[in-house]
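In: Return a 3D structure for these sequence lines:
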Amino acid sequence: MGNSNNSNDTVEKMVNDMSQTLSAITAPAFPLLLFLLSTTMALYPYNSNSNSSKRSFWKVVARTIEAPFHDVTFRDGFIGDILTSIVRPLQDTAYTLFYLLSGLQGWWSSLYTLDQASLPMERNYLLHNCVLPACMISPLWYRFLQNLRQCHVHKQRWPYLGNALKYLIAAEVALFGVYDPRNKQNLLWILAFFCATLYQVWWDTFMDWDLFRVEYSRDWNTEHRIWSTRSEIQGTSSIGNTHTHWFVFPSIHLREKRLYSSVWIYYVIFGINILLRFCWTLSFIPARYLSKSGQLIETFSKEMDSFVLPMLAAAEIIRRTLWGLLRVELAALDLLEQQEQQDATTTKSGGSKQQGIIPPSELELTPMRIGAFGQEDSSSYQTTTKHGWVTQFFQSDMSNLTETQILAELCVWGTVFTSLGIFAAAHGEG
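Out: Numbers count the residues shown, from 1 in each chain. All right, here's what the predicted structure looks like:
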């Protein structure tokens, strides 16, 4: 009887040992195998057909990364904006890749197990100070260069440099926040963060969506003046009285041309965009930073790192999806307006109108526009409205400059972007 009990105990011990050994192997290995499988499925086209959806997708992504060596289409700019909203997933992917390499190195050298692969990464200077910040800043850099390219092609500073300024400010706010976490308690950084977010909200509303019209009425009579933020900045003439008065009461309403039948959709997207825009810049900043002394510093509190930041990353993807609905709508409306103008010209010349829905490929390959059709390519800024200070600052017309002068000016913008980034990294917390 005693021998039977000892035998059972031995078997049970062997089973427990095998279970612990198996769990020690599978616990870290299965997530890595899942990552490798997902990466392989995402990158490897199942066929060599040039029309493969995966091959086409990565070609589009490559065009975005290769900015400013290509003309910017609507598709390229749209993909670039989407990349700015998936910074946190990019950083998680980079961290997982380093974890995989660290685990393989430990297994090969027998220095540590897969379960201990995260230990060397805690002091990995390349990961925390180079790779993760690069994942944060590169999407903004791509969109910044795309706007410089558009400025060069159209020979117009506004609105392209205004859009480039948006990405420049967002990048510098994020960089100063990650390389010195103490900056997030600095009043100057908080003010810069707040102003950058307000500028992004204004740009989304009046430039990317052209969402609202503002009607000004003087209080001493019934004369009205219609003002569209974008049209005045673009230099188009306003309707009615153009004199500046101190006492005006704005009446805001949606633009007349819309594709969605329900008005509440626009207001809901507008409100959500305002709330989540303030979370957008925070989603850029990595959760940890390796100081010059080799100390791993938590950028945020553990509670925020564990719960809030993942929620912000998911919320930003939702915000970008809603943003895309109105951005694509405006691009479609612009293309319809062009088609109507072409039809009117064709009818006058005795031809027949084109019928049918706009093909998706035609919308994708349309040159990336900022603002409504016919407004962004004005050759000069001859506006006398109260927004003249903007036009004076951005003096739009560059056609009188030589190619060398234009390239030199755009190089200055690129130098400012990189110099401020290097300054933030060099003067980070020691």
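In: how much space is there between the residue nearest to Arg320 when sequence neighbours are not counted and Trp189?
Out: Nearest in space to Arg320, with sequence neighbours left out and distances taken as Cβ to Cβ, 6 or more residues apart in numbering, is Ser85 at 3.9 Å. (Glycine included, C-beta is placed from N, CA and C.) As for Ser85, its distance to Trp189 is 22 Å (criterion: Cβ to Cβ, to the nearest Å).
In: Looking at these two, which has the bigger crowd around it?
Out: For the pair Ser85 and Trp189, the greater number of neighbours falls to Ser85 (20 against 16), based on other Cβ atoms under 10 Å.
In: helix/strand/coil for the more buried one?
Out: coil (DSSP: H, G, I helix; E, B strand; the rest coil).
In: Could you report the pLDDT at it?
Out: According to the predicted model, the pLDDT of Ser85 comes to 90.
In: That one touches Arg319, doesn't it?
Out: Yes - between Ser85 and Arg319 a contact is recorded at 7.3 Å, counting by Cβ atoms under 8 Å.
In: Check the contact lists of those two and give me the overlap.
Out: Overlap between the neighbourhoods of Ser85 and Arg319 consists of Trp280, taking contacts as Cβ atoms under 8 Å, 6 or more residues apart in numbering.
In: Run through the helices of the stretch 1-150 of the chain in chain order.
Out: According to DSSP state H, counting those that start in this stretch, the stretch 1-150 of the chain carries its helices in the segments 2-43, 53-65, 74-83, 87-109, 118-121, 125-126, 132-154.
In: So which bits of the second one are buried?
Out: When you say that, I think you mean helix 53-65. Residues of helix 53-65 classed as buried by neighbour count (16 or more other Cβ atoms under 10 Å): Val60, Val61, Arg63, Thr64, Ile65.
In: okay, the angle between it and helix 132-154?
Out: With axes from the mean of the first three to the mean of the last three Cα atoms, to 10 degrees applied, the angle from helix 53-65 to helix 132-154 works out at 80 degrees.
In: mean confidence for helix 53-65?
Out: 82.
In: Please renumber the chain so that the first residue is 528 from this point on.
Out: Sure, I'll start counting at 528 from here, so that last one is helix 580-592.
In: what inclination does that helix have with respect to helix 601-610?
Out: Between the axis of helix 580-592 and that of helix 601-610 there is an angle of 80 degrees, by the same axes, to 10 degrees.
In: returning to what we had before: and the helices of the stretch 528-677 of the chain, which one averages the lowest pLDDT?
Out: It's helix 645-648: among these, that one has the lowest mean pLDDT, namely a mean of 66.
In: Next one, pLDDT for Trp716 please.
Out: Among the per-residue scores, Trp716 holds a pLDDT of 83.
In: name the element it belongs to?
Out: When elements are assigned from DSSP states H and E, Trp716 belongs to helix 714-730.
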